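> kindly return the folded structure for what I paste below:
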Amino acid sequence: NINNLSEYSYLYNAAFIDDLYETYLANPAQVSEEWREYFMRLQQEQPLEQPEIPHAPIKAAFAQIKAPLHNNLRKGADDATLAVFAQKQAAVLRLINAHRFRGHQQANLDPLQLQERPYIEELYPEFYGLTQADRDTVFHTGSLYGVDKAKLSDIIKRVKTIYCGTIGAEYMHITDTKQKRWIQQRLEGAQAKPNFTKTTKLNILKRLTAAQGLEEFLHTKYVGQKRFSLEGGESLIPLMDVLIQNAGSMGIEEIVIGMAHRGRLNVLVNILGKRPKDIFSEFEGKMGTQRGSGDVKYHLGFSSEVMTPGGQVHLAMAFNPSHLEIINPVVEGAVRARQDRRDDKNHNQVLPVLIHGDAAF
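Predicted coordinates for the structure are as follows:
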C-alpha cells in the first residue's frame, strides 16, 4: 500500500520512484491512480513556492551539448561547464513557468496607461542568475508550445508577448492537468496569434461598426435615457458572433444567454436579430401592456434562430431579474432542463453563456 510509503520506503527503489515522479510531472495520466494520488497528496502536504519541473528536458540538453563540449574545451573543464549550463537551463525553465503563474500581473490591460503595473522580480532573468551574456545562448524551452529550443532573448520575448501583452491569463491554479495544458497550448501555440483572412477581418469590422452605430444612434435619439451603453466594449459583438458560429459548427443546437444590463440592447439587435424599430418603440413607450407586466426595456428577454455552419441554433436571452446575480442559477437551470428534455446525456447540445458587466468582457 503506497499510502504507507514512508513506513516501508526500504522496499522501493529510489530510481524507480524518481522515474515515476518524472512521468507524473510530465503527464499525470501516465502513472497509476494510486501513485497519482500519492504524488498529489505529497505536493499538497509540502507545497513549494515554484512548482517542480521535469528534469528530462535538462538531461536532453546535456546529451546534445556534451559531445561538442568534449571536443572544444580543455580536459577537466567540460564537467564544470556542463554544471553551469545545467544551472542556467533550469533557470530558463523557471523563468518560463514564472510567466505562466504571474505574467498577468504585468499585462498591459489599461489602454489609457494610467494604471501602474507592479514590478515582479520573478519575471526578469536577473532574478535567476541569467545575465546579458546568456542572451545568445540556446536553451531548451521545456513544455513551452511552439518551439523546442531557442536563444534566451527569443524565449524572453516570446513569454513576454504571450503573458504580459494585452491579455492577462491566470490559469495555473487549475488542478486538472488536461484542462491546464489545453489552455496553455492555445495561449502559447499558433492560435494565440491567428492569421485572419481578409473576409474574416471585414466581418469583424462589420460587426464592430454595427455595434458602434447603434450606440451612437441611441445616444443621439434618446438623450438622457437609461440605456446601459456598450461603448468601450463593442468587441463583445464580434466575440459573441464567433462563439455562436463555432458552437453551431460543433453541434450545439441551443444557447441560453444570461446577459448583463450593459450592452443588452446591442446584443438583442446585433446578435439575436431583434428589430431595431421594436427597441425604439420600447424607448418611446409605444409597446402595449399586452407584452407583460411593463418591466423596463433592459430587463426584457428575447429568442430567435441563427444560422451557423453546423445548422440552425436557437438563441434565448433570459429575462433579467432586478438582482442580476440571480440570472446565473436561472440560466444554468434552464439549460439543464433543455438538456434533459433533449435526452442530452453528454451535455453537448445546449450551451449556457453568462455575461457580467465590464470585467467579464
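
> now for the nearest residue to Ile252 once chain neighbours are set aside, how many residues are close by?
Spatial nearest neighbour of Ile252, chain neighbours left out: Leu351 (4.9 Å); criterion: Cβ to Cβ, 6 or more residues apart in numbering. (Each C-beta comes from the backbone N, C-alpha and C, glycine too.) Using other Cβ atoms under 10 Å, Leu351 is surrounded by 21 other residues.

> buried ones in the helix or strand where Leu351 lies?
Here Leu351 is covered by strand 350-354, with elements defined by DSSP states H and E. Going by neighbour count (16 or more other Cβ atoms under 10 Å), the buried part of strand 350-354 is Val350, Leu351, Pro352, Val353.

> what's in contact with that strand?
For strand 350-354, the external contacting residues (Cβ atoms under 8 Å, 6 or more residues apart in numbering) are 240, 243, 247, 252-258, 327-328, 331-332, 334-335, 338-339, 342, 344.

> if we can go back for a sec, any idea how far the residue nearest to Ile252 is from Asp343?
Distance of Leu351 to Asp343, computed by Cβ to Cβ, to the nearest Å: 17 Å.

> over to Glu325?
Glu325 sits 31 Å away from Asp343, going by Cβ to Cβ.

> one more: Gln349?
Separation of Gln349 from Asp343 (Cβ to Cβ) stands at 9 Å.

> repeat that for Lys180.
Lys180 sits 32 Å away from Asp343, going by Cβ to Cβ.

> and Ile271, by the same measure?
Per Cβ to Cβ, Ile271 is found 28 Å from Asp343.

> and these two? Which one has more around it.
A count of neighbours by other Cβ under 10 Å puts Ile271 above the other of Ile271 and Asp343, at 28 against 7.

> my guess is that one contacts Val313, does it?
No. Using Cβ atoms under 8 Å as the test, Ile271 is too far from Val313 to be in contact (11.3 Å).

> which neighbours do those two share?
Ile244, Val306.

> mind listing residues that contact stretch 314-333?
Here stretch 314-333 makes contact (Cβ under 8 Å, 6+ apart) with 244, 253-261, 264, 267-268, 271-272, 295, 298-306, 334, 352, 354, 356.

> just the CA trace of that stretch, in PDB.
Extracted in PDB, the C-alpha atoms of stretch 314-333 (Å, rounded to 0.1, in the frame of the first residue of the first chain):
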ATOM      1  CA  HIS A 314     -31.800  28.600 -31.100                       C
ATOM      2  CA  LEU A 315     -30.800  31.600 -29.100                       C
ATOM      3  CA  ALA A 316     -32.600  32.600 -25.900                       C
ATOM      4  CA  MET A 317     -31.800  35.600 -23.800                       C
ATOM      5  CA  ALA A 318     -33.300  35.200 -20.300                       C
ATOM      6  CA  PHE A 319     -35.400  37.900 -18.700                       C
ATOM      7  CA  ASN A 320     -33.300  39.900 -16.200                       C
ATOM      8  CA  PRO A 321     -34.300  39.900 -12.600                       C
ATOM      9  CA  SER A 322     -33.800  43.100 -10.600                       C
ATOM     10  CA  HIS A 323     -30.900  41.400  -8.800                       C
ATOM     11  CA  LEU A 324     -28.800  40.300 -11.800                       C
ATOM     12  CA  GLU A 325     -26.800  37.800  -9.800                       C
ATOM     13  CA  ILE A 326     -29.800  35.500  -9.700                       C
ATOM     14  CA  ILE A 327     -29.600  35.100 -13.500                       C
ATOM     15  CA  ASN A 328     -26.700  32.600 -13.000                       C
ATOM     16  CA  PRO A 329     -28.800  29.700 -11.500                       C
ATOM     17  CA  VAL A 330     -31.800  30.600 -13.600                       C
ATOM     18  CA  VAL A 331     -29.800  30.200 -16.900                       C
ATOM     19  CA  GLU A 332     -28.000  27.100 -15.700                       C
ATOM     20  CA  GLY A 333     -31.300  25.500 -14.500                       C
END
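
> in it, what's buried?
Buried, per 16+ other Cβ under 10 Å, within stretch 314-333: Leu315, Ala316, Met317, Ala318, Asn320, Ile327, Val331.
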